[in-house]
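sequence below, structure please.
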Amino acid sequence: MDSILVALASLLAGFVDSVVGGGGLILLPALFATYPGAVPGDLLGTNKSAAIWGTGVATAQYARRVQIRWPTMLPAAATCFVAAFLGAWVVTLVSAEILRKLLPIILIALLGYTLARKELGRVHAPLLSQAHERLAACAIAAVIGFYDGFFGPGTGSFFIFLFVRFLGYDFLNASVSAKLLNLATNASSLILFAAKGHVWWHLTLWLAAANVLGSVLGAHMALRHGAGFVRTLFIAVVGLLILKTGYDAFLR
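Got it, this is the predicted structure:
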C-alpha cells in the first residue's frame, strides 16, 4: 500500500514537473509522510532517482515537437551539471538557513512580476544573438544549478522565469529548455546520492514508471495547449511554493 501511495504521488509529480517544474513539492512530502523514520538523504536520493526518468522522457517528448536551441542549451546543461555538484558539496560545509528564509520573499517578487506583466512569456521572441544568448544561459545555469545542488525548491520555476524574462522565450519554450537543464542537475545530484548509498533502488522502479507516465501526460497537455497553459500552471505552482517555503521558513 505504501508503494502504491508514493507511486501515485510520483505520477502527479511527473505531470507537474514536466510542465513547469516543482515535482519535488509533491513527491518529497509524500515520501517523508510515508516513511517518517527514514534517513532524509535516502528519501532525497530516491526522489531524484525517479524524477530523472520523468524529466528525461519529457525532454525527449518536447524535443520532437519544439525546436530546442541546442547551441545555447547544451553548454548551459554542462554548466548546470558542474554547478549542481558544487552546490551539493558546499551544502555539506555551510548552512542553508538564510536562503531558506529568503526564498519565499524571492518567490513572491517573481510571482508579482509575472502577474503584473500579463503578456510576459506569451510570445516566443528571443532577444539576444546566439553568442550572447549562450553566455546568458550559462550564467543562469551556473546560478540556478548551484542553487539546485545547495537547496533546490523551485529550480524549474526559476529557470522558466529567467529564460522568459532575460532570453525572450515564451513559457512553452522556456519550459522545454528548463527540462534539459533540470535533467543535468538531477543527474549530478543522483550521482552524489548514489555514491553515498542514499537511494532505495527497490522503490525506484515503481516511482520512475509512475513519474514517466505523469511526465508524458504533462508534456502532451503543454504541447497541446501551449504557452498560456504553461503560464497558468506556472503561477499555480509558484503560489504553492510560496506557501510551502514560507511555512518551512517561518512557522515550522
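
least trustworthy helix or strand in the protein by mean pLDDT?
helix 24-34 (a mean of 87; mean pLDDT, DSSP states H and E).

that helix - contacts with which helices or strands?
helix 2-20, helix 40-65, helix 201-250 (3 or more C-beta pairs under 8 Å, 6 or more residues apart in numbering; DSSP states H and E). From N, CA and C alone the C-beta is placed, and that goes for glycine too.

save those helices as a markdown table, and put in mean neighbour count, mean pLDDT and distance to residue 113 too.
Shown next, in a markdown table, are the helices and strands packed on helix 24-34 (neighbours: other C-beta atoms under 10 Å; pLDDT from 0 to 100; distance: least, C-beta to C-beta, whole Å):
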| stretch | mean neighbour count | mean pLDDT | distance to residue 113 |
| --- | --- | --- | --- |
| helix 2-20 | 23 | 91 | 16 |
| helix 40-65 | 22 | 91 | 25 |
| helix 201-250 | 19 | 93 | 11 |
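
output those helices as a markdown table; include the columns distance to residue 151.
Below are those laid out as a markdown table (distance: least, C-beta to C-beta, whole Å):
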| stretch | distance to residue 151 |
| --- | --- |
| helix 2-20 | 17 |
| helix 40-65 | 12 |
| helix 201-250 | 10 |
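
out of these, nearest to residue 150?
helix 40-65 (12.9 Å; C-beta to C-beta).

just how off-centre is stretch 214-230 within its chain?
On the basis of C-alpha atoms, centre = their mean, to the nearest Å, stretch 214-230 sits 15 Å off its chain's mean C-alpha point.

ok, now stretch 37-50?
16 Å.

and the gap between the residue most central in space within the chain and residue 199?
Closest to where the C-alpha atoms of the chain average out (C-alpha atoms, centre = their mean) is residue 156, at 3.1 Å. From residue 156 across to residue 199, the span is 21 Å (C-beta to C-beta, to the nearest Å).

so, low pLDDT: which residues of the stretch 51-200 of the chain?
92 (pLDDT under 70).

rerun that using 90 as the cut-off
65, 85, 87-103, 118, 148-156, 186, 189-190, 192-193, 195-198 (pLDDT under 90).

quick one, strands of it?
For the stretch 51-200 of the chain, applying DSSP state E, counting those that start in this stretch gives no strands.

ok, now which ones touch the spatially closest residue to residue 240 that is not a sequence neighbour?
Spatial nearest neighbour of residue 240, excluding adjacent residues (C-beta to C-beta, 6 or more residues apart in numbering): residue 25 at 6.1 Å. When contacts are counted by C-beta atoms under 8 Å, 6 or more residues apart in numbering, residue 25 touches 13, 16, 153, 237, 240, 241, 244.
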